[in-house]
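1. got a predicted structure here, sequence first:
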Amino acid sequence: MHKTIPFLAAAALALLAGCFDNHARPQDATPVTSLKALAATNRAEVVRLYLRGGAEPLAEGALAGLSSLRELDLSERRLAEIPKEVFALKTLEHLWLSRNQFEKLPAELGQLPELLYLNLDENKLASLPEGLADLPKLRWLRLNANQLAEIPSAFGKLATLQRLYARQNKLKEVPAFLEQCPQLEDVILDGNPIVGVPDWLTRMPRLKTVSLSGCRIAKLPDDLSGWRRLKALALGGCPIPAEEAQRIRKALGDDVAVTF
């Protein structure tokens, strides 16, 4: 009988493996952390604006004139819509919109040419606009804890995508668009009702982390030789028989951290 690793421990291992530097900040400017401070600052010089959890309302024009902005955090503000000024922030690289009340997103969100990182965790999203596929530099997309049953096939245009985090949604299969993302390194899909792993996922050339803990997977593809470059595979809480677990460990070898 193989040893069972708790779901949270497996997920934590996958999170650490190949982790993108989520907390890296530009060092060339002091962050602005309130609308009051923004009003007293030359907007054209603001590089980092962090308004997470602020109680003050975002009136129309509150985010206008930020011609040099690279980072914007609007998380935890109970927003139902994204302020229109965000779509004009053509220098924006990192955008946090987590823990709001978005049920849908406008296609205009895909008109940010420099965006590298987009965090939409813990909203109420049941669908995504195909316009997001127009983000030419996106590397990391976070969609954890929404209501997504699918992700549009158009997202295959995200040629620079390296990391997809879509834990705790309603996905029944590994999103097919990922096969078209040659830079893909991390696929984190814990807690979805996924029942199988497609053969093509084992052939992704740069893949480092696959996390499917808490899914409904009982068997992996027969040929796992393409996963020799993996660093971590998390399958905690999946109904995988002991014989299958033994086969997986043997196929991947000692260089891959496998957790069940």
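-> Sure thing, it's come through. Numbers count the residues shown, from 1 in each chain.

2. low-scoring stretches of the protein, by residue?
-> For the chain, residues meeting the criterion pLDDT under 70 lie at 1-28.

3. mind listing the strands for the protein?
-> Ranges of strands within the chain are 48-50, 71-73, 94-96, 117-119, 140-142, 163-165, 186-188, 209-211, 232-234, 257-259, based on DSSP state E.

4. the last one pairs with which strands, parallel or anti?
-> Strand pairing for strand 257-259, using DSSP bridges, gives strand 232-234 (parallel).

5. so how far is the strand it pairs with from its chain's centroid?
-> The chain centre lies 17 Å from the centre of strand 232-234; the measure is C-alpha atoms, centre = their mean, to the nearest Å.

6. phi, psi of Glu150?
-> phi -160, psi 160 (degrees, to the nearest 10).

7. mind listing what it touches?
-> Applying C-beta atoms under 8 Å, 6 or more residues apart in numbering, one finds that Glu150 lies in contact with Ser127, Leu171, Pro175. The C-beta positions use only the backbone N, C-alpha and C, and glycine is treated the same way.

8. likewise Gln168?
-> By C-beta under 8 Å, 6+ apart, the contact list for Gln168 reads Asn144, Ala145, Asn146, Asp190, Gly191, Asn192.

9. tell me the spacing between it and Asn192.
-> From Gln168 across to Asn192, the span is 7 Å (C-beta to C-beta, to the nearest Å).

10. which two of the contacts of Gln168 have the greatest separation?
-> Maximum pairwise distance among the contacts of Gln168 (C-beta to C-beta): 13.6 Å, between Asn146 and Asp190.

11. who has more neighbours out of the two?
-> Legend: neighbour count by other C-beta atoms under 10 Å for Asn146 and Asp190, higher for Asp190 (27 against 23).

12. I'd say that one and Cys215 touch.
-> Yes - counting by C-beta atoms under 8 Å, Cys215 is a contact partner of Asp190 at 7.2 Å.

13. the stretch 1-150 of the chain: helices as residue ranges?
-> 7-16, 35-39 (DSSP state H, counting those that start in this stretch).

14. reformat the strands of the chain as CSV; add distance to Leu224 and mean neighbour count.
-> Shown next, in CSV, are the strands of the chain (distance: least, C-beta to C-beta, whole Å; neighbours: other C-beta atoms under 10 Å):
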stretch, distance to Leu224, mean neighbour count
strand 48-50, 43, 20
strand 71-73, 39, 21
strand 94-96, 35, 22
strand 117-119, 31, 21
strand 140-142, 26, 22
strand 163-165, 20, 22
strand 186-188, 15, 23
strand 209-211, 11, 25
strand 232-234, 9, 25
strand 257-259, 10, 20
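
15. show me what contacts the spatially most central residue of the chain?
-> Geometric centre of the chain, nearest residue: Arg142, 2.2 Å, by C-alpha atoms, centre = their mean. Counting by C-beta under 8 Å, 6+ apart, Arg142 touches Ser98, Leu118, Asn119, Leu120, Asp121, Tyr165.

16. switch the cut-off to 7 Å
-> Leu118, Asn119, Leu120, Asp121, Tyr165 (C-beta atoms under 7 Å, 6 or more residues apart in numbering).

17. which of these lies closest to Lys36?
-> Lys36 lies nearest to Asn119 out of the contacts of Arg142, by C-beta to C-beta, at 24.7 Å.

18. neighbours around the residue lying closest to Leu69 once chain neighbours are set aside, how many?
-> In space, and not counting its chain neighbours, Leu69 is closest to Leu89: 5.3 Å by C-beta to C-beta, 6 or more residues apart in numbering. Using other C-beta under 10 Å, Leu89 is surrounded by 22 other residues.

19. again, but for the one 10 residues further on
-> Using other C-beta under 10 Å as the criterion, Arg99 is surrounded by 19 other residues.

20. my read: it touches Glu122, true?
-> Yes - using C-beta atoms under 7 Å, Arg99 makes contact with Glu122 at a distance of 4.6 Å.
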